[in-house]
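[1] Next input, structure requested:
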Amino acid sequence: MKVLYLTGYKAFEFGIFKNDHEAVKYIKKAIKQRLLPLVEDGLEWVIISGQLGTELWGAEVVFDLKEQYEQLKLGVLTPFLKQEESWNETNQEYYRSILARADFVESIFNKPYEGPQQLKTKNRYMVHKSDALLIIFEAEKDGSAKYPFYEALKKAEHQAYPIYQVNFDDLQMAAEEGSWSEE
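    Residues are numbered from 1 along each chain as shown. You can find the predicted model right below:
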């Protein structure tokens, strides 16, 4: 496996509105726990679409891992140009700081948002450009993460496409472990 698509719920779907929220460190810890064995096995690229929440927090995990694993790179494939345009200034600055550190940045559609078909195309594109999916997703919790998850299931029906799922029990375990000792 060379390319992993990392996605999951957006920040507001977790009920998180600031990146220094206590839960973010546990989400990042859970991502790192799933990502580390893949990186140790030779994973070269993590790709994201740049959504606030799981994807940008995951990008920070990739940056941390890059210090020890030089082969690891981050690609940001935004669905369309200026996706951050309607975000508040703090989120725009955070997003731009991630893009500035990424190894590759490109937009799938080289035009601004025109409609939901761009997001549908983005999910299909990201799944088909990757060898596996790492997703924070819980089937019982509705949210945007269901779209890439179901796209990945479709691909997995026809070829080997591992889906590494982090669910709320995994996040709870990361939080409980974190309350005993900080890494």
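
[2] And the longest helix seen in the chain, what's buried?
    Identified as the longest helix of the chain according to DSSP state H is helix 22-40. Of all the residues in helix 22-40, those buried under the rule 16 or more other C-beta atoms under 10 Å are 24-32, 34-35, 38-39. All C-beta spots, glycine's among them, are computed from the backbone N, C-alpha and C.

[3] all strands for the chain, in order.
    3-8, 45-48, 73-80, 104-109, 132-136, 163-166 (DSSP state E).

[4] C-alpha coordinates for the fourth one, CSV please?
    In other words, strand 104-109. Coordinates of each C-alpha in strand 104-109 appear next as CSV, following Å, rounded to 0.1, in the frame of the first residue of the first chain:
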residue,chain,number,x,y,z
PHE,A,104,1.3,18.3,-2.9
VAL,A,105,-1.7,20.6,-3.3
GLU,A,106,-4.2,20.5,-6.2
SER,A,107,-7.9,21.0,-6.9
ILE,A,108,-9.9,18.3,-8.5
PHE,A,109,-12.1,21.0,-10.1
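
[5] oh, and call the first residue 56 from now on, that's how I've got it
    Let's use 56 as the start, then, which means that last one is strand 159-164.

[6] Check which helices and strands that strand is in contact with.
    Strand 159-164 is packed against strand 128-135, helix 172-183, with contacts defined by 3 or more C-beta pairs under 8 Å, 6 or more residues apart in numbering; DSSP states H and E.

[7] Verify the contact between residue 206 and residue 182 for me.
    Yes: checked against C-beta atoms under 8 Å, the pair residue 206 and residue 182 is within contact range at 4.6 Å.

[8] So those two - more neighbours on which side?
    Taking other C-beta atoms under 10 Å, residue 206 and residue 182 do not tie; residue 182 has more neighbours (24 against 20).

[9] Now residue 162. Nearest residue, chain neighbours left out?
    Nearest non-adjacent residue to residue 162, counting by C-beta to C-beta, 6 or more residues apart in numbering: residue 133, 4.7 Å away.
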